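S.K.: Return atomic coordinates for the entry below.
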Amino acid sequence: MPLSADHPRLEDAITLLDRLIAFPTISLQSNLELIGEAAGWLEAAGARIRVWNSNDGSRANCLATIGPENANGGIMLSGHSDVVPVTGQNWTSEPFKMDRRDGRLYGRGTCDMKGFIAAAIAMASDFSALPLTRPVHIALTYDEETGCLGGQQLVRDMAAEGILPSVCIVGEPTSMRIIEGHKGCYEYTTRFTGLAAHGSLTHQGVNAIEYAARYITRLMDIREQLKNSTPASQRFEPPYTTLQIGRIKGGVSRNTIAGDCAVDWEMRPVQSDDARHVKSEIERYVQEELLPAMRERAPDAAIETEVIGEVIGLLPASESQARDICAALTGDTKTDVVSFGTEAGLYQEMGTSTVVCGPGSIEQAHKPDEYVEIAELGRCLNMLEGLKKKLTA
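M.R.: Have a look, this model is predicted:
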């Protein structure tokens, strides 16, 4: 039976979402105010709070635990607190002020993914009132959109304290479908250092942009190769590992040979061997062809790649406690895979059975006038309502 869109905590969740949207927690910027307020709400609801700061202290993760003191077992509800920028987008309402109209809640982060966070927090006091036999954890992370940086720290800090949930539901926007698999997401910036010179003296300079272009061309060649190495059983769309260039920045003027250039690029592998192949092939090309050619004229020329994030994919499992629980809670036994990345693979890797299931559609994420359907938020609350029996059995 499909989940109902009505729930007694729905207006509470909408009020919480309104407040969460007011925090402009754009990735790589501070989320401390949001974490502080959310931690206060959860503590008031009876949760035990752990806050772990990022290395520079400007951002933080929060893990709220309700129920038995034992650290292991239980169910974790996970959501990232950061959102993507709104710069250059044409919104019809204020992006950081929630707008309720036509059965929808508009605002940056409403579906990706503060709607799920609001629903989880709204249910916290209900969980606290129960004689729980295993804990429920609510995890809020930072900088998911820029390489799952907060999620990577969270799993390290949880491991250090011996916390290992049995099941995790990552509430990314899936229209409440159960997602059991997704591609990895590997992000890089490759910087080229050449030798600047006057535009008329090309024999004296080393044009970093030109070498960056050759590097990109080689990546595109590798991309075509990957299309032919796709396992026949893949369910992703597209079914092969993707690779794309996000941004190029270099040079100072059209009549100056560019001394520097930076290329932002990513790949989304369907299998770990593809990621290893891309990295080894492009590094071989750099060491055997590009760098020797650059250093003939500029001994100090360099090509350096910075790893922004290497987030593993979520692998469909033949047996999955998380999938079974979500199917029982939602009444939907169908599962799917997606091409976008989440923190779910990190939790799976630490030994927690994990799926992705949350309110809102990925079609609305990152766009102007992002929204979540109020009815979808209600269905999410009813899914979490069903956890009560799982946590007290």
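S.K.: tell me the mean pLDDT over the helix or strand harbouring L140?
M.R.: Counting by DSSP states H and E, the element that carries L140 is strand 136-141. Average pLDDT, strand 136-141: 98.
S.K.: That one pairs with which strands, parallel or anti?
M.R.: strand 60-66 (antiparallel), strand 75-80 (parallel) (DSSP bridges).
S.K.: want to throw those into TSV with distance to S93 and mean neighbour count?
M.R.: In this view, the C-beta of every residue, glycine as well, is placed from N, C-alpha and C. Formatted as TSV, these follow (distance: least, CB to CB, whole Å; neighbours: other CB atoms under 10 Å):
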stretch	distance to S93	mean neighbour count
strand 60-66	28	24
strand 75-80	23	28
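S.K.: contacts for the following helix or strand past the strand holding L140?
M.R.: Of the helices and strands lying after strand 136-141 in sequence (DSSP H and E), the nearest is helix 149-160. Residues from elsewhere that reach helix 149-160 (CB atoms under 8 Å, 6 or more residues apart in numbering): 50, 52, 54, 59, 61, 63, 78, 80-82, 139, 141-144, 164, 309, 311, 343, 346-347, 349-350.
S.K.: sorry, back to before: which of the strands paired with strand 136-141 sits closest to Q234?
M.R.: strand 75-80 (25.7 Å; CB to CB).
S.K.: Show me what the next helix or strand after that closest one is in contact with.
M.R.: Next helix or strand after strand 75-80 toward the C-terminus (DSSP H and E): strand 99-101. The contact list for strand 99-101 (CB under 8 Å, 6+ apart) reads 14, 93, 105-107, 374.
S.K.: From the chain's centroid, how far away is the helix or strand that comes right after strand 99-101?
M.R.: Following strand 99-101 in sequence order, the next helix or strand is strand 104-106 (DSSP H and E). What separates the centre of strand 104-106 from the centre of its chain is 22 Å, taken as CA atoms, centre = their mean, to the nearest Å.
S.K.: Could you do stretch 176-192 as well?
M.R.: Counting by CA atoms, centre = their mean, stretch 176-192 comes out at 8 Å from the chain centroid.
S.K.: Just the endpoints, please. Distance across that stretch?
M.R.: 44 Å (CA to CA, to the nearest Å).
S.K.: where in the chain is pLDDT low?
M.R.: 1-2, 71, 232 (pLDDT under 70).
S.K.: Quick check: can you list the domain ranges of it?
M.R.: If you go by automatic domain parsing, the domain ranges for the chain are 10-182+312-392, 185-310.
S.K.: Dump the ones you listed into a markdown table; add distance to L3 as well.
M.R.: Listed next are the domains of the chain as a markdown table, based on distance: least, CB to CB, whole Å:
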| stretch | distance to L3 |
| --- | --- |
| domain 10-182+312-392 | 4 |
| domain 185-310 | 24 |
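S.K.: and among those domains, the most buried is which?
M.R.: domain 10-182+312-392 (a mean of 20; mean count of other CB atoms under 10 Å).
S.K.: how long is that one from one end to the other?
M.R.: 23 Å.
S.K.: now stretch 242-256
M.R.: Start-to-end, stretch 242-256 (CA to CA) is 34 Å.
S.K.: Show residues contacting it.
M.R.: Against stretch 242-256 from outside (CB under 8 Å, 6+ apart): 183, 192, 196-200, 208-209, 212, 216, 219-220, 222-223, 226, 258-268, 278, 339.
S.K.: Let's see that with 6 Å instead.
M.R.: Identification of contacts with stretch 242-256 by CB atoms under 6 Å, 6 or more residues apart in numbering yields 199, 208-209, 216, 219, 223, 258, 260-265, 267-268.
S.K.: which of the residues you listed lies closest to G360?
M.R.: Nearest member of the contacts of stretch 242-256 to G360, counting by CB to CB, is R268, at 21.1 Å.
S.K.: if I look at that closest one, how far off is R218?
M.R.: Per CB to CB, to the nearest Å, R268 is found 19 Å from R218.
S.K.: Hmm, C357 is touching C326, no?
M.R.: Yes. Using CB atoms under 6 Å as the test, C357 is close enough to C326 to be in contact (5.2 Å).
S.K.: Mind checking which of the contacts of stretch 242-256 land in strands?
M.R.: 260-265, 267-268 (DSSP state E).
S.K.: Export those residues as CSV, with columns for distance to F116.
M.R.: Shown next, in CSV, are the ones in strands among the contacts of stretch 242-256 (distance: CB to CB, whole Å):
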residue, distance to F116
D260, 41
C261, 39
A262, 34
V263, 34
D264, 28
W265, 30
M267, 27
R268, 23
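S.K.: Fine by me, we can end here.
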